[in-house]
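Participant: Predicted coordinates and the sequence they were generated for:
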Amino acid sequence: MNFPEYRPRRMRRTETLRRMVRETRLSVDNLIYPLFVTHEKNAMHEIPSMPGIFQMSVDNLVKEAKAVKKLGIPAVLLFGIPEKKDAVGSDACSDKGIIQTAVRAIKNAVPDLVVVTDVCFCEYTDHGHCGILTKSGEVDNDATLEILAQSAVTHARAGADIIAPSDMMDGRVGRIREALDDEGFSGIPIMAYAAKYASGFYGPFRDAAESTPSFGDRRSYQMDPGNGLEALREVALDIQEGADIVMVKPALAYLDVIRAVREEFDYPVAAYSVSGEYSIVKAGEKLDWIDGPRVMMEILTAIRRAGAEMIITYAAKDAAKLIAG
């Protein structure tokens, strides 16, 4: 194909022509909306670094879940802010914990909305790390596996539809799968944060989830941003251990990893467009430097084009409205 016989601009002349030959389409079915639930009563606290995103009490969370369902978004992902934190994140393993309470409330009010629960301990420990610490201050991988499994079972017992471990401990998918099966929850899928990078894009999330580490950082268990082949090994391990969906997080700076995972594995791929990605767009829009909605849709389409079937995004509600026209 050479010019002048082939002229690509012919098929770009009108919106109708462009729509007819569009290769990648973003659907509301691709979206998952993250929500933060707090132990407080009648609370609705906007996150300063994430305009439009709130910490909500359970009653307001249910109202939001109904609004999400009305927009056609199929699923939400829950993060909890407990009343009390301790060294081992006890609230995360309690049937009366904030996440477990929130799951029951949503499933009672909006039973068809898929509820995904994040399984990790950074929001629940007083030190802000993702598991039990050794005396030297490192996260004890194998000891943490047991409380991850306990927490996952309480989520399933509360009615969670999908369990999503985000801690990046070695062997956690297998241990959680075993615990779920032992407790009669063999039908509950696991969405594994399989390739989760130690990223600077998580800053606003830590404000929202109140999960900033009190010392050090998480680079000893989350992945180095320079590694792509390691992501494929992590994904392979999680699938081997029983993951039903594999996730890459963050999304925008790791589109190459999403594409590699999509091409290598015949499993559903999720991508988490994280808080920093959302906040950058919102800040640019506020300063009138960019067309926020247009840039947001371009980013989400790029994530979809890279190969993700599911996109976890704080922009899900805005995107759903734009998709609906």
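Facilitator: Structure's in. What do you need?
Participant: separation between Q55 and A158?
Facilitator: To A158, Q55 is 20 Å away according to Cβ to Cβ, to the nearest Å. Just so you know, the C-beta spots here come from the backbone N, C-alpha and C atoms, and that holds for glycine as well.
Participant: can you pull out the helices in the stretch 201-325 of the chain?
Facilitator: 203-209, 229-241, 255-264, 275-286, 292-306, 316-324 (DSSP state H, counting those that start in this stretch).
Participant: got TSV for the ones you listed, with mean neighbour count, mean pLDDT and distance to P51 too?
Facilitator: Listed next are the helices of the stretch 201-325 of the chain as TSV, based on neighbours: other Cβ atoms under 10 Å; pLDDT from 0 to 100; distance: least, Cβ to Cβ, whole Å:
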stretch	mean neighbour count	mean pLDDT	distance to P51
helix 203-209	20	85	10
helix 229-241	17	98	31
helix 255-264	19	98	25
helix 275-286	19	97	5
helix 292-306	18	98	10
helix 316-324	18	97	11
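Participant: Turn the ones you listed into JSON lines, including distance to V37.
Facilitator: Shown next, in JSON lines, are the helices of the stretch 201-325 of the chain (distance: least, Cβ to Cβ, whole Å):
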{"stretch": "helix 203-209", "distance to V37": "10"}
{"stretch": "helix 229-241", "distance to V37": "26"}
{"stretch": "helix 255-264", "distance to V37": "28"}
{"stretch": "helix 275-286", "distance to V37": "16"}
{"stretch": "helix 292-306", "distance to V37": "24"}
{"stretch": "helix 316-324", "distance to V37": "16"}
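Participant: K41: which of the ones you listed is closest?
Facilitator: With Cβ to Cβ, the closest approach to K41 among these belongs to helix 203-209: 18.9 Å.
Participant: For the protein, just list every one of the strands.
Facilitator: 31-38, 44-47, 50-56, 75-81, 114-119, 162-165, 191-196, 245-249, 269-273, 310-313 (DSSP state E).
Participant: which residues does N141 contact?
Facilitator: Contact analysis of N141 by Cβ atoms under 8 Å, 6 or more residues apart in numbering lists G131, M169, D170, G171, Y221.
Participant: Among those, name the buried ones.
Facilitator: G131, M169, Y221 (16 or more other Cβ atoms under 10 Å).
Participant: Alright, I will stop here.
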